[in-house]
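K.L.:
with the input below, show me the fold.
(chains A and B)
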Amino acid sequence: MDGQDTISNEIAQIHGTARGETQPRLDFPPYRSSLLRHPTKALHLAAPEECELMAPVFGYSDVNPVEADLTIQNGGDPIGERITVRGRLLDGDGHPVRHQLVEIWQANAAGRYIHKRDQHPAPVDPHFTGAGRCLTGEDGSYAFTTIRPGPYPWRNHRNAWRPAHIHFSLFGTDFTQRMITQMYFPADPLFGLDPIYQAITDHEARDRLVAAYDHDLSSPEWSLGYRWDIVLTGSHATPVEPGAS
Amino acid sequence: MNENLTATPGQTIGPFYGYALPYERDHELVPPTHPQAVRLHGTVYDGPGTPVPDALLEIRQADRSGVVPVIEGSLRRDGTVFTGWGRCATDPGGRYSFTTVEPGPAREGAAAFFAVTIFARGLLNRLFTRAYVPGDTEGLAADALLSGLDDERRRSLLAVREADGSLRFDIRFQGDRETVFLTFPRHEE
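P.N.:
Sure, this is the predicted structure:
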């Protein structure tokens, strides 16, 4: 198995020639699992049609508001640093995406997922599942209460560790805006070593995945607050002109 | 008031979504007992042709009359509402299966298709494609996307009618029969 130096050198070489790419490369060899799973042909540009122009819609028949609090799901307080994560979901034109589904999942404070494929020797927390949902508000805002996830080891290379992150699954108003991503925490020392995060070759673009600590979102004697806004690609809907009937 | 914002980057779904994203009847857009129920199913393959056991697919589609439903209820299906959206994780053999109805053409003369999104461990961003319903020779011949592809590439987007009436749509990330994956005009801003 390769060591970190090999992976870091490969990352540096790719970054040395990359310019201005705001999305991750699909073909990013330092992330070994991408080798056999990336398309080798260019993506084909298509004009979106009806079913691609309408995202599915969700409502309170789908999502119970208590699903946004990951600390109350299992009959006791989970171990860890209680946090709130809050932000807005916007489309590429800066418009709020209203009443849309946001799903998250994450490891517990020790860096262990409840998933049966995660077998690393860190404790499972009987009071923490690590999955939540909410609907965005009128201004595109979302909010979750959870605990800060721990970093965890994986087998991409020897001594590989993922920076702490929360997975986010997002819908827009068009189906073409569908995306899944990961939110990270500020100043994580593992950022430079992680081939998944570094698959986004542009520094400014990578920074868009990092939440900001926001003291105004912290609650006295209760939780620490992080703010993270999410921007989807642009919608294809015809803009409504102001004053049009 | 349009301010052009750069989109947040995507990241891989990773290996551990299985306890979070799948839910009861996620892949049943209609109940299996529905009189017009049809299966849309297939296998997801990697480069050497090994099935991918940790992919997640979503479909978005019109109903039989060509109308795309805009109605809630996908996460708690009561069996009476067709929402036109579904989700299915692949099994250990890389297989997925939706129970749904065949979409009708959205417009007179248009070819009917399912819009498909694919996520997987090892896939750093989502992929989009289309699974076209076979049989409508004229509609398929007139389709703008299919017309721009050579025969072999075009074939990767056509679902195959199986002997039992179901539709099979395999997805290949790489190789001779690599699936045509799509990008849309506002993805590159």
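
K.L.:
quick one: pLDDT of the closest residue to B:A120 other than its chain neighbours?
P.N.:
Once its chain neighbours are removed from consideration, B:A120 has its nearest residue in B:A55; the separation is 3.9 Å (CB to CB, 6 or more residues apart in numbering or on different chains). For glycine as for every other residue, the C-beta is placed from the backbone atoms N, C-alpha and C. Looking at B:A55, its pLDDT stands at 98.

K.L.:
distance of B:A55 from B:D151?
P.N.:
27 Å (CB to CB, to the nearest Å).

K.L.:
same check, this time on A:L36
P.N.:
Distance of A:L36 to B:D151, computed by CB to CB: 26 Å.

K.L.:
higher neighbour count, the two?
P.N.:
Using other CB atoms under 10 Å in any protein chain shown as the criterion, A:L36 and B:D151 rank with A:L36 on top: 17 against 6.

K.L.:
shaky segments in chain B?
P.N.:
Residues of chain B that meet the criterion pLDDT under 70 lie in B:1-2, B:189.

K.L.:
do a quick rundown of the helices in it.
P.N.:
In chain B, helices defined by DSSP state H lie at B:137-142, B:144-147, B:151-155, listed in chain order.

K.L.:
A:W228: which of these is closest?
P.N.:
helix B:144-147 (35.3 Å; CB to CB).

K.L.:
strands of chain B, residue ranges please.
P.N.:
Secondary structure of chain B, counting by DSSP state E: strands at B:38-45, B:55-60, B:85-89, B:95-100, B:113-120, B:127-132, B:160-161, B:167-168, B:171-172, B:182-183.

K.L.:
save the ones you listed as TSV, and put in mean neighbour count too.
P.N.:
TSV is the format used below for the strands of chain B (neighbours: other CB atoms under 10 Å in any protein chain shown):
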stretch	mean neighbour count
strand B:38-45	22
strand B:55-60	25
strand B:85-89	23
strand B:95-100	21
strand B:113-120	26
strand B:127-132	23
strand B:160-161	14
strand B:167-168	18
strand B:171-172	21
strand B:182-183	19
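
K.L.:
quick one: contacts for the residue nearest to the spatial centre of chain B?
P.N.:
Averaging the C-alpha coordinates of chain B gives a centre point, and the residue nearest to it by CA atoms, centre = their mean is B:V116 (2.4 Å). Contact criterion CB atoms under 8 Å, 6 or more residues apart in numbering or on different chains gives B:L57, B:E58, B:I59, B:F128, B:T129, B:R130, B:A131, B:F169, B:I171 as the residues in contact with B:V116.

K.L.:
remind me, longest helix of chain A?
P.N.:
Secondary structure assigned by DSSP H gives helix A:4-17 as the longest helix of chain A.

K.L.:
can you pull the buried residues of that helix?
P.N.:
A:I7, A:S8, A:E10, A:I11, A:I14 (16 or more other CB atoms under 10 Å in any protein chain shown).

K.L.:
check which helices and strands the following helix or strand past it sits against.
P.N.:
Tracing the chain C-terminally past helix A:4-17 and defining elements by DSSP states H and E, one meets strand A:44-45 next. Here strand A:44-45 touches strand B:182-183, going by 3 or more CB pairs under 8 Å, 6 or more residues apart in numbering or on different chains; DSSP states H and E.

K.L.:
who touches the strand it packs on?
P.N.:
By CB under 8 Å, 6+ apart, the surrounding residues in contact with strand B:182-183 are A:L43, A:H44, A:L45, A:A46, B:L127, B:F128, B:T129, B:R130, B:L145.

K.L.:
rerun that using 7 Å as the cut-off
P.N.:
For strand B:182-183, the external contacting residues (CB atoms under 7 Å, 6 or more residues apart in numbering or on different chains) are A:L43, A:H44, A:L45, A:A46, B:F128, B:T129.

K.L.:
pick out the most distant pair among those.
P.N.:
The largest distance within the contacts of strand B:182-183, taken as CB to CB, falls between A:L45 and B:T129 and amounts to 13.2 Å.

K.L.:
and stretch A:106-126, which residues are buried?
P.N.:
When neighbours are counted by 16+ other CB under 10 Å, the buried residues of stretch A:106-126 are found to be A:106-115, A:118, A:122, A:125.

K.L.:
revised request: answer the last question for stretch A:195-207.
P.N.:
Using 16+ other CB under 10 Å as the burial criterion, the residues of stretch A:195-207 that qualify are A:P195, A:I196, A:Y197, A:Q198, A:A199, A:I200, A:T201, A:D202, A:A205, A:R206.

K.L.:
and for stretch A:17-26?
P.N.:
By neighbour count, with 16+ other CB under 10 Å as the criterion, the buried positions of stretch A:17-26 are A:T22, A:Q23, A:P24, A:R25, A:L26.

K.L.:
looking at the residues you listed, which is nearest B:H187?
P.N.:
Of all the buried residues of stretch A:17-26, B:H187 sits closest to A:Q23, with 8.1 Å by CB to CB.

K.L.:
now the closest one, nearest residue through space, not along the chain?
P.N.:
Of all residues not flanking A:Q23 in the chain, B:P9 sits nearest, at 5.2 Å (CB to CB, 6+ apart).

K.L.:
B:G66 too?
P.N.:
Across the structure, with CB to CB, 6+ apart as the measure, the residue nearest B:G66 apart from its sequence neighbours is B:G104 (3.8 Å).

K.L.:
from the contact counts, what lies against the lengthiest strand in chain A?
P.N.:
With DSSP E setting the assignment, residue counts place strand A:82-90 as the longest strand in chain A. In this structure, strand A:82-90 packs against strand A:141-147, strand A:224-227, strand A:230-231, with contacts taken as 3 or more CB pairs under 7 Å, 6 or more residues apart in numbering or on different chains; DSSP states H and E.

K.L.:
any weak-confidence spans in chain A?
P.N.:
Along chain A, the parts satisfying pLDDT under 70 run over A:238-245.

K.L.:
most centrally placed residue in it?
P.N.:
A:Q182 (2.2 Å).

K.L.:
please determine how far that residue is located from A:A107.
P.N.:
11 Å.

K.L.:
show me the contacts for residue 160.
P.N.:
Using chain A here. A:P153, A:W154.

K.L.:
my question was about chain B, not that one.
P.N.:
The contact partners of B:V160, taken as CB under 7 Å, 6+ apart, are B:P134, B:R168.

K.L.:
try 10 Å
P.N.:
When contacts are counted by CB atoms under 10 Å, 6 or more residues apart in numbering or on different chains, B:V160 is found next to B:G42, B:A131, B:P134, B:S166, B:L167, B:R168, B:F169, B:D170.

K.L.:
circling back to that earlier point, okay, the buried residues of stretch A:195-207 in a markdown table with secondary structure and distance to B:L21 next?
P.N.:
Conversion of the buried residues of stretch A:195-207 to a markdown table gives the following (DSSP: H, G, I helix; E, B strand; the rest coil; distance: CB to CB, whole Å):
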| residue | secondary structure | distance to B:L21 |
| --- | --- | --- |
| A:P195 | coil | 23 |
| A:I196 | coil | 18 |
| A:Y197 | helix | 21 |
| A:Q198 | helix | 25 |
| A:A199 | helix | 21 |
| A:I200 | coil | 22 |
| A:T201 | coil | 28 |
| A:D202 | coil | 28 |
| A:A205 | helix | 25 |
| A:R206 | helix | 24 |
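
K.L.:
please consider this matter closed, and thank you.
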